[in-house]
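1. let's see this in three dimensions:
(2 chains)
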Amino acid sequence: MLGIEKTVEKTAVEILRRAVIHLPKDVKDALNNAYENETSETGRTQLKAILDNIKLGESSKTPICQDTGIILYYVTVGKDFGDFSFIPEALRAAVRTATAEVPLRPNAVHPLTRKNSGDNTGSNMPYINWDIGGGDYIELTAMPKGAGSENMSSFAMLTPAEGVSALKRFVIDQVIRAGAQPCPPTIVGVGVGGSADIAMKLAKKALLRPTNARHPEPEIADLERALLSAINMTGIGPMGLGGTFTSLGVNMEYAHCHTASLPVGLNMQCWAARRATARIHRDGTVEMMS
Amino acid sequence: MATFKFRTPVTETDVRKPNIGDIVYVTGTMITARDQAHRRALEHVKTGKAIPVNFEGGAIFHCGPIAVKEKEQWRIVAAGPTTSTRMEAYEAEFIEKLRPRIIVGKAGMGAKTAEAAKRFGAIYCDFTGGAAVLASQRIKAVRGVEWYDLGMPEALWILEVEEFGPMTVTIDSRGKNLHDIIQRSAQDRLTEILKTLGVSQ
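-> Numbers count the residues shown, from 1 in each chain, chains lettered A, B, ... in the order given. You can find the predicted model right below:
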C-alpha cells in the first residue's frame, strides 16, 4: 500500500486525467439539452461538433481540448486528516507527471519573459485554494482552466447606489463584449461582494457548482435564472456564430461586503467545463466524487 | 450556404469565391502560428532574416497543439483553434507580407484583418472551438516543427491535413465579418434585454 503522500499524488494525477478527458455529467446533459433545443442551424452544427468531440475524446482517451489550461486545485482539509504539509509538493509532482503522461499541453510560462517551464509548474503554479472541512479526509478538486474563457474575466467596483441594476448590466455587457471568444455556450461565474480579490475568487469558485444546481438562497437562484434568460437573448449562440444557447448557466456566489462598496467579479467558463473531485481518507482509501 | 473544398496552395481567384456563412474544407499544408510566431515572423520580414516556412497561398492555423514524439516522429494528440482576436495586432501585416490565403481560428478577427483580406485576397474561417479531437483526426502527419524554442503551443507546426473542416467563413474577401454582425446585433438588443431584467438605461 502506498503512503498517504503517494496516494494524494497519484489521485491528483487521476483527477486531472479525468477532468481533461471526461466532462462532468451535468455539463454533458446541458450541452445535449442545448443541441436538442437550439433553433439556429449554425448553432446546432457547432453543438453537434462539440458533442461528437466529447464522445471521441472519451473513446480515444484524449483530452477534449488542446488547451488543457493552467492547473488549479481546490483542497478542503478535514479536521481529522492530520498533517497535510506535504500536499503542495505532492500536487506539483502530480502536475509534472500528468503533463508527461496524459499528456497535457505545457502552458505555464513566466508572465514577463514568457519562457515556458515545460511541465505546467512554476511560481505559484499549480495554484492551490485551501479550505477547512470536517472528517478524516481531504477533498481534492482539479480545475484545468483554459485561457480562451479566462481571458474574458472582468471585475467592476460598482457603487451601492447603482446596486443590483448595475450588476445585471455589468454581466450582460461583459457577455456581449466577450462574444465568441470564451467558446460559448459558456457557464458564467459571478462573485458578488467581499472585496475586489474575494469577488474574483468567488466568481471562479462558483464554477465548481454543477450547472443544473441553483444557489440555495431563492433570491440568488432567481437572479441566476433571470441573468441566464437575458444572456440567451443576445443571439451570440454556440461559438458566437449565432443562436439561442450563449450560456448553459449562471452560477453566483456572494460574501458580505463593506457598506460603501459593491465589488462584482466575473469568470467565464467555456463549454469544456472541466473539473473532477476525489476524497482521500487518512487511511488511504480514495473515493472518486465525479 | 455553399461548400468549398480547397487544396493548398490556394489561388486568389479561388479564395475570393466564398461568402461569410459558407463552409470550407482544406486539404494540403496548414501551418500553426500564434502570437509569438506572428511576432517573430514579422520581425524577420523587417530585418530580412529567413523564415523557415513558406506561407504563400497557404493556410495558417491559430492553434497550439498537444504533440507527442514517438520514435523520432511527432504525432498530434489534440489540436483545436485558439482565440484569434489575440492575433489581430499582427494579422493584417502578416497577410500583406507573407500572403497566406486562409486563416483558421476561432472567435473571429477585427476590422484590420477584414480590410487586409479584402485588399490582398484572403478569408478567415472558424473551426469549432475546443473540438480538438475532431480537428486532430483531419491531421494526417506532422511534416516538421520550427521555432520550438517558443514552446510547444507557440511553435510553427507544419501539418499535412485532409479535408480539414467543416469550417465556417466568418471574414470573406469582400471584408464582410460575420462575428462583427452578430456582435452588433447583440449590442442593438441591449436595451430590450435589460428591460427584461427590470433595468432601464
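
2. which bits of the stretch 101-250 of chain A sit near chain B?
-> Counting by Cβ under 8 Å from any Cβ of the partner chain, the positions of the stretch 101-250 of chain A adjacent to chain B are A:103-107, A:109, A:114-116, A:118, A:146-148, A:151, A:165, A:168-169, A:172-173, A:176, A:179-181, A:183, A:226-227, A:229-230, A:233-237, A:239-242. C-beta here means a position set from N, CA and C on the backbone, and glycine is covered the same way.

3. grab the longest strand from chain B for me.
-> Among all segments of chain B classified by DSSP state E, the strand with the greatest residue count is strand B:156-171.

4. for that strand, list every residue counted as buried.
-> Under the neighbour-count criterion of 16 or more other Cβ atoms under 10 Å in any protein chain shown, strand B:156-171 has B:156-159, B:161, B:164-171 buried.

5. which one of those is nearest chain A?
-> B:T168 (5.9 Å; Cβ to the nearest Cβ).

6. would you enumerate the residues in contact with the closest one?
-> Taking Cβ atoms under 8 Å, 6 or more residues apart in numbering or on different chains, we find B:T168 in contact with A:T42, A:L241, B:G21, B:D22, B:I23, B:V24, B:C125, B:D126, B:L178.

7. least confident pick among those?
-> Summarising pLDDT for the contacts of B:T168: the lowest-scoring member is A:T42, with 92.

8. so is the one helix or strand that residue maps to next to chain B?
-> Secondary-structure assignment from DSSP states H and E places A:T42 in helix A:41-60. Yes: looking at helix A:41-60 against chain B by Cβ under 8 Å from any Cβ, the contacts come from A:T42, A:T45, A:Q46, A:A49, A:I50, A:D52, A:N53, A:L56, A:G57, A:S60.

9. residues in contact with that helix?
-> By Cβ under 8 Å, 6+ apart, the list of residues contacting helix A:41-60 from outside reads A:21-23, A:28, A:31-32, A:34-35, A:38, A:62-64, A:185, A:237-239, A:241-245, A:271, B:21, B:128, B:130-134, B:137, B:166, B:168.

10. got the contact list for the residue in the stretch 101-250 of chain A that chain B sits nearest to?
-> Distance from chain B to each residue of the stretch 101-250 of chain A (Cβ to the nearest Cβ) is smallest for A:N116, at 3.4 Å. Under the criterion of Cβ under 8 Å, 6+ apart, the contact list for A:N116 reads A:P106, A:N107, A:A108, A:V109, B:L150, B:G151, B:M152, B:P153, B:E154.

11. okay, now the unreliable bits of the stretch 1-150 of chain A?
-> Within the stretch 1-150 of chain A, the segments meeting pLDDT under 70 span A:1.

12. wait, A:P184 sits on A:T246?
-> Yes: when contacts are counted by Cβ atoms under 8 Å, A:P184 is listed as touching A:T246 (5.0 Å).

13. overlap of the contact sets of the two?
-> With the criterion set as Cβ under 8 Å, 6+ apart, the overlap between the contacts of A:P184 and A:T246 is A:I236, A:G237, A:P238.

14. circling back: now, the contacts of A:N116 that are in helices?
-> Counted as lying in helices by DSSP state H, out of these, is not a single one.

15. tell me how far the residue nearest the centre of chain A lies from A:P63.
-> In chain A, the C-alpha nearest the mean C-alpha coordinate belongs to A:L207, at 4.6 Å (Cα atoms, centre = their mean). With the distance defined as Cβ to Cβ, to the nearest Å, A:L207 ends up 19 Å from A:P63.

16. B:A155 now?
-> 18 Å.

17. these two - which one has more neighbours?
-> Neighbours were tallied for B:A155 and for A:P63 using other Cβ atoms under 10 Å in any protein chain shown; the higher tally belongs to A:P63 (28 against 21).

18. need the contact list for residue 103.
-> All of this is about chain A. B:I66, B:V68, B:V77.

19. you answered for a different chain; I wanted chain B.
-> Residues B:59-60, B:62, B:84, B:91, B:95, B:109, B:113, B:122-125, B:171 are the ones in contact with B:I103 under the rule Cβ under 8 Å, 6+ apart.

20. repeat the analysis, applying 7 Å as the threshold.
-> Contacts were defined as Cβ atoms under 7 Å, 6 or more residues apart in numbering or on different chains; by that measure B:I103 touches B:I60, B:E91, B:A122, B:Y124.

21. try A:L91
-> When contacts are counted by Cβ under 7 Å, 6+ apart, A:L91 touches A:A12, A:Y73, A:P126, A:I128.
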